[in-house]
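Peer 1: I'd like to go over a predicted model; first the sequence, then the structure.
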Amino acid sequence: MIPDYCKFKSYTNHAFYIAGIFLRITPKLKSVTSLDSVTKEQWWDVMRSAWNYYDIRNTCDFECLLVHVDGTKKYMQIASRSDLERLIRSVDEFLEELQEEMQRKRRWQEMGLEIEPEIQSLDQIEGIAIAVKELRTAAGDVLGALVNHY
């Protein structure tokens, strides 16, 4: 089921939403028969692909981010060196965008402008930034262990 998303031309946004949906479903259910056949490698493929698609200003995407961080940490343990290097680059790019968004929100606050309700608050963005930085550190640690192992 999940591996079928690869058949689409532009599958990164599919991976983002598929990962978000299934990672929210699987902890709540003791047995999801249709997900039993999904291997750790297939989960990892979805998780690494999901990091290539984020709309920093989309509140729906923000709601999935913490789930993606946890899922990525869980499945990156089987990643190859090149996959980890790509993941770290993707996470670094995401963090750069997040920092820019935080700076923009701070400027809005300094000017006394209100942040629209459908847009993430500065506190929400800072919380996401902390979680993503922890993922970045964990990915670096896994990569370091992999490099030192060989």
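Peer 2: Received the coordinates, thanks.
Peer 1: what segments of this protein are helices?
Peer 2: In chain order, the chain shows helices spanning 12-25, 40-50, 59-75, 81-110, 122-149, with DSSP state H as the criterion.
Peer 1: using CSV, list the CA coordinates for the second one.
Peer 2: This points to helix 40-50. As requested, C-alpha coordinates have been extracted for helix 40-50 and formatted as CSV (Å, rounded to 0.1, in the frame of the first residue of the first chain):
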residue,chain,number,x,y,z
LYS,A,40,11.2,-0.7,8.0
GLU,A,41,12.9,0.1,4.7
GLN,A,42,9.7,1.1,3.1
TRP,A,43,8.8,3.3,6.1
TRP,A,44,12.2,4.9,5.9
ASP,A,45,11.7,5.6,2.2
VAL,A,46,8.5,7.4,3.0
MET,A,47,10.0,9.3,5.9
ARG,A,48,13.1,10.5,4.0
SER,A,49,10.9,11.5,1.0
ALA,A,50,8.6,13.5,3.3
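Peer 1: point out where this structure drops to low pLDDT.
Peer 2: Across the chain, residues meeting the criterion (pLDDT under 70) sit at 1-14, 16, 26-36, 53-61, 114-120, 150.
Peer 1: report the contact partners of the residue nearest the centre of it.
Peer 2: In the chain, the C-alpha nearest the mean C-alpha coordinate belongs to His68, at 4.0 Å (C-alpha atoms, centre = their mean). His68 makes contact with Phe16, Ala19, Gly20, Leu23, Met47, Ala50, Trp51, according to C-beta atoms under 8 Å, 6 or more residues apart in numbering. Where you see a C-beta, it was placed from the backbone N, CA and C, and this is true even at glycine.
Peer 1: next one: Thr72
Peer 2: Thr72 sits next to Met47, Arg48, Ala50, Trp51, Leu87, Leu135, Ala139 when contact means C-beta under 8 Å, 6+ apart.
Peer 1: thank you, goodbye.
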